[in-house]
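**Student:** Predicted model, plus sequence, below.
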2 protein chains.
Amino acid sequence: MLPRGRPRALGAAALLLLLLLLGFLLFGGDLGCERREPGGRAGDPGCFPGPLLPRVPPDGRLRRAAALEGDPGAGPGDHNRSDCGPQPPPPPPPKCELLHVAIVCAGHNSSRDVITLVKSMLFYRKNPLHLHLVTDAVARNILETLFHTWMVPAVRVSFYHADELKPQVSWIPNKHYSGLYGLMKLVLPSALPAELARVIVLDTDVTFASDISALWALFAHFSDTQAIGLVENQSDWYLGNLWKNHRPWPALGRGFNTGVILLRLDRLRQAGWEQMWRLTARRELLTLPATSLADQDIFNAVIKEHPGLVRRLPCVWNVQLSDHTLAERCYSEASDLKVIHWNSPKKLRVKNKHVEFFRNFYLTFLGYDGNLLRRELFVCPSQPPPGAEQLQQALAQLDEEDPCFEFRQQQLTVHRVHVTFLPHEPPPPRPHDVTLVAQLSMDRLQMLEALCRHWPGPMSLALYLTDAEAQQFLHFVEASPVLAARQDVAYHVVYREGPLYPVNQLRNVALAQALTPYVFLSDIDFLPAYSLYNYLRASIEQLGLGSQRKAALVVPAFETLRYRFSFPHSKVELLALLDAGALYTFRYHEWPRGHAPTDYARWREAQAPYRVQWAADYEPYVVVPRDCPRYDPRFVGFGWNKVAHIVELDAQEYELLVLPEAFTIHLPHAPSLDISRFRSSPTYRDCLQALKDEFHQDLSRHHGAAALKYLPALQQPQSPARG
Amino acid sequence: MLPRGRPRALGAAALLLLLLLLGFLLFGGDLGCERREPGGRAGDPGCFPGPLLPRVPPDGRLRRAAALEGDPGAGPGDHNRSDCGPQPPPPPPPKCELLHVAIVCAGHNSSRDVITLVKSMLFYRKNPLHLHLVTDAVARNILETLFHTWMVPAVRVSFYHADELKPQVSWIPNKHYSGLYGLMKLVLPSALPAELARVIVLDTDVTFASDISALWALFAHFSDTQAIGLVENQSDWYLGNLWKNHRPWPALGRGFNTGVILLRLDRLRQAGWEQMWRLTARRELLTLPATSLADQDIFNAVIKEHPGLVRRLPCVWNVQLSDHTLAERCYSEASDLKVIHWNSPKKLRVKNKHVEFFRNFYLTFLGYDGNLLRRELFVCPSQPPPGAEQLQQALAQLDEEDPCFEFRQQQLTVHRVHVTFLPHEPPPPRPHDVTLVAQLSMDRLQMLEALCRHWPGPMSLALYLTDAEAQQFLHFVEASPVLAARQDVAYHVVYREGPLYPVNQLRNVALAQALTPYVFLSDIDFLPAYSLYNYLRASIEQLGLGSQRKAALVVPAFETLRYRFSFPHSKVELLALLDAGALYTFRYHEWPRGHAPTDYARWREAQAPYRVQWAADYEPYVVVPRDCPRYDPRFVGFGWNKVAHIVELDAQEYELLVLPEAFTIHLPHAPSLDISRFRSSPTYRDCLQALKDEFHQDLSRHHGAAALKYLPALQQPQSPARG
């Protein structure tokens, strides 16, 4: 970089931004003088960012205003009509200035929405960002894990407890419980740090189509007293003539939409905002029964009373899409859109002139590979996210010529994790409850329904998916009555990156999210006996697992080679099928060693749990306390991933107890890509051996001489026929 | 839309564009005065858009210029230094002006590159586009099919035969055959239509990061005599001091890069371009042995001689990425990039400061769902693509409340099709050759290697993938020595859209692309006998299939329920396995009707082909002439898709001849999602029955009373146990 070149170029860049912003303002201001049509928003239950139903009243009730085009006096533009003429361009935000964004979010569905919003914001942003997320416990768990694993440079995230803010707004009668979260935007000036002077507040249902810094730059446009930047409501709601006796809250003309807000927190605090909105709300509530549009009603009522507070923003910064929106007026002449607001309860199914364009735009970010947003910000230096530096160093130390490079790289990969991707009800605390733990990718989705039928208890499943596949998965669950009915199945999406299936990392994610004291560590292509869930809980209690006895309960595994077969309802039926050759013990033909120590002959006759000894290659399906050892994440792809875990259990002196009435049955499927690679590639097998050697070194480090016992097993080359 | 609002808003929009462009020019012009570093480009063999190796000489040979920063006299900016100061902004192109883009493309790999380039261009464009594609036969077949099925509104595509242009440039000695395609950019003024005055010419390895109309607008900046707009080469190649005796072609200073060109075709024609470049090239070739960088050498030599022709463009419109590029100088001060040029032979593996950013940007469009670009252009009215109007009408007539709506919609969906996604060598013409035809999605990729081992002949496979999956598939093939070695397997990507698997549309794509006189209509989870390919060719010849005899040759189908088994090398071995219970006739347990007419008992003993009669539900795997009836595309998802085809063959009086030595074996796999849905959903089964009814109505229309024969079969409800 040439020192002498810099100031000139910087000047040119500054001028460019200045011109850009001048353009936005001229353009937005001009169109902002016209009228728009009703918009609204319904959140998902338990959530949300903007007020809920009925921001758009049901279509049937909607009466179109007679003179949408006329009546210039009705617009909120009146008191700052000057916005409409050419205005001085706001100075661009200083390069690399940290921009602050606040979002209120609660619940599983809105957490997904927030991520799509954030993806669109990150795609276009050129500045470091600080996200201030006001969340309930569910959203916090999801978003904290997500951002921690996402590791996006130059993005800082702070969380604020929505529960603690509830008392400040819960006295306001609301037509919808979730409106409580919408109302929380009112208390941001006191909830956010006192030193924070400016913040952009967003609903979860907006999508960015441009760089957020140009929105931030509009702060410079505020007069000395203006404190709230808003786009006019593109709806007739506040005109109060939608139906007979329609009595909305007071507003300037069409009022403002609070899906996108620029807040001068400092000025609001100084102006006594806390008292101001409460006074207004209390007074209005003397004659109005409740807020209809949550915070938006109150913001509008306050603004009606104190019009000097509001700065009207160009309409392109909050293009409101509803069936009867007049937003088209805002952008139809425009060649550019800045922020799209899906504020109809119909969301993507809304119908308006350009909805196909908008929908495709939204789908772009819904399916966008979030890994691609891990890129460094241009020019702006930033603190790397926690752990990122060590990771970079470890990756840099890898040798690209190492034949096992792919394995090394895959082991180090930090996958983005979206826990409880779909709504989930945690199981009630029960001392002997057990969660089925498994992992899968798209090609095993069809197992889920059968699994739900066989296992009536809680499940924790890790799914290895791309962002686009996660959406397919969502549709799959929604389309299945069996799956949609189950609130006790937690789906955790681990986003794909790299060529090898990170099987043990997936297992660990599912294991970490299990909420019962015990876990059944299964695989997705197994169907447990119908009675297994209840039988395991009873066995755990009887055996005093975890409390009196450090043990792993073995669930004997069988397999069918038939596509369709009649699943045995009892051990007696199972033994009959076994004798008839319709069932086999698991991997009987290919790899009997994996389950031989279970001692199927003894199991046939057993009436009580019996202890078995570890032996090389043993990999039974077991039930253990939730705090059991984790899986070794070094095993990626095919091979040794479960075996190593059982070695670790044995090394930590877990007893292995086979349960006499338990069984689980493997269904046929095509070999996985990883097993195909294992079979066809000698390098793959060599790399697996290298992993095993390293595993044993670590084992020796932790368990000393006791680890010697496992050495022969680890040194024995694995047959390529293994499957 | 308010008539009175329009002129004002239009004015504002125009002003915005004007200001934007002023910004670009100021900024680009300013930075354009500085120096940049070497760049180059290597195409894939058989192709390409820019000159090939060694636009970047191998690193080892590269000697960094001593004084990259100094030496102001060396830059091509000298003769139009005025570019560097503030300039009058070019007027924006009129709203909805048609922009013309020319690209030279040849071969399979470059065709993929062009699609990624086009996706990035369409993502940002706001104008109708006319693409002028100069292609060889391979690229034409691919791109014609792709654009025809893509149906992007406001995109017109014209093709020009590269072969016809070859004689005009083939006299130029070139260091690389593929340079021939690069050289074709020189003859565009005569090759493109005489009435075409302006065109943007692009290499296939550029990615747009902004709206192309702003590039087009730079035409307005040309003086009255300028005819070629170019960005300075960001490399020291033309300084001629990279190594001892380095003798590049003559150029102004660092010369220009021809990855992005604005051509005033009208002025070039008027100025006698045809003669001009030939004279220059002939003269230089008296002392230089050949072009090193194809067209770029000649463009630069002509410009050195006629500096008045060139208009220097801001460097952001061709950011050249190579290991030692000085491009960073161009954009490091910028907050915006316009066009990225992957002009290093290393492509994405190039190393430079911001490569991660650039790579993620490129990957965004590589994996971008092209279906999302089918959106209408804002505001600009355009002729709908061929067929689009009828399609829209048909879709609009569907009833969203119809329980079979999903089926109807899926049947009407036009999928984007990318034929021969990977390099493919057509089979030599042989009168009895036979192509294996099948279709698959990602979950069956692991079948491909085994299939290649079993079938040494040509294959035509349709793959149902998303854009992102297509890239995974590409890596999968590249990583497999077995697959990478096969040039006779044609992979056709059909892009996913909609919830149901369009099985028969996929079969028809694969069938239409088969290039041999005969086809073996198989399914992906079957492995044919090792001898089948040769045996079929011999049988076709012996039986006079197609010429003397209208027949379908039946290949008896078996199945194994084992994950791994020893594939029989002969009919004798097969019969032994059958007797041992290691093999079954196909669907013996679940659905014997599907293959019963094959008469396995007779097949055991048969020494010669024997004729069998059609019966209800018969769905054998058959060999037929390539011009056989297509599959009925109404059958989407699971069920009746093959059965209907066999009915059609029978109705058209194809004999069914079972071959005594032929066999194919089905390998086990998990049930597909579609079959799971079929089993669990009564609606799904009802919809399938509705499709069958409609199929029979059509059958009756075509075959009259003869179709009565099939009525009972069609009315019989299909068992949900079918699989």
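**Tutor:** Done, it's in.
**Student:** Just to check, A:Glu616 is in contact with A:Lys709?
**Tutor:** Glu isn't right for residue A:616; it's Ala. No: with contact defined as CB atoms under 8 Å, A:Ala616 and A:Lys709 do not form a contacting pair (9.8 Å). Where you see a C-beta, it was placed from the backbone N, CA and C, and this is true even at glycine.
**Student:** Residue numbers of the stretch 401-550 of chain A in contact with chain B?
**Tutor:** Residues of the stretch 401-550 of chain A lying close to chain B by CB under 8 Å from any CB of the partner chain are A:442-447, A:449, A:466, A:468, A:475-476, A:479-480, A:482, A:499, A:525.
**Student:** run the last query once more with 10 Å
**Tutor:** A:406, A:441-450, A:466-469, A:472, A:475-476, A:479-482, A:496, A:499, A:524-525 (CB under 10 Å from any CB of the partner chain).
**Student:** And A:Arg626, how close does it get to A:Val555?
**Tutor:** 17 Å (CB to CB, to the nearest Å).
**Student:** Give me the more crowded residue out of those two.
**Tutor:** A:Val555 (24 against 17; other CB atoms under 10 Å in any protein chain shown).
**Student:** so what's that one closest to, chain neighbours aside?
**Tutor:** A:Ala662 (4.3 Å; CB to CB, 6 or more residues apart in numbering or on different chains).
**Student:** ditto for A:Trp342
**Tutor:** Nearest one to A:Trp342, counting by CB to CB, 6+ apart, is A:Asp205 at 4.5 Å.
**Student:** Check the gap between the one you found and chain B for me.
**Tutor:** 19 Å (CB to the nearest CB, to the nearest Å).
**Student:** again with A:Arg112
**Tutor:** 18 Å.
**Student:** so that residue is in which element?
**Tutor:** Secondary structure from DSSP states H and E places A:Arg112 in helix A:108-124.
**Student:** Tell me the first helix or strand C-terminal of that helix.
**Tutor:** strand A:129-135.
**Student:** Can you pull the phi and psi angles for A:Pro502?
**Tutor:** phi -80, psi 70 (degrees, to the nearest 10).
**Student:** tell me, how many neighbours does it end up with?
**Tutor:** A:Pro502, neighbours per other CB under 10 Å, totals 25.
**Student:** Touching both of A:Ala616 and A:Lys709, which residues are there?
**Tutor:** Residues touching both A:Ala616 and A:Lys709 by CB atoms under 10 Å, 6 or more residues apart in numbering or on different chains: A:Val647.
**Student:** burial of the residue nearest to A:Val555, as a residue count?
**Tutor:** 24.
**Student:** ok, and what's touching stretch A:353-360?
**Tutor:** So stretch A:353-360 is in contact with A:207, A:209, A:319, A:321, A:323, A:325, A:327-328, A:331-332, A:337, A:340-342, A:344, A:346-350, A:352, A:361-362, A:366, B:153, B:369, B:371-379, going by CB under 10 Å, 6+ apart.
**Student:** Buried among those? Need that as a selection in ChimeraX.
**Tutor:** If you want just the buried ones from the contacts of stretch A:353-360 in ChimeraX, going by 16 or more other CB atoms under 10 Å in any protein chain shown, the selection is:
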select /A:207,209,319,321,323,325,327,328,331,332,337,340,341,342,344,347,350,352,361,362,366 /B:153,369,371,372,373,374,375,376,377,378
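**Student:** Which of the contacts of stretch A:353-360 fall within helices?
**Tutor:** Among the contacts of stretch A:353-360, the members found in helices (DSSP state H) are A:327-328, A:331, A:361-362, A:366.
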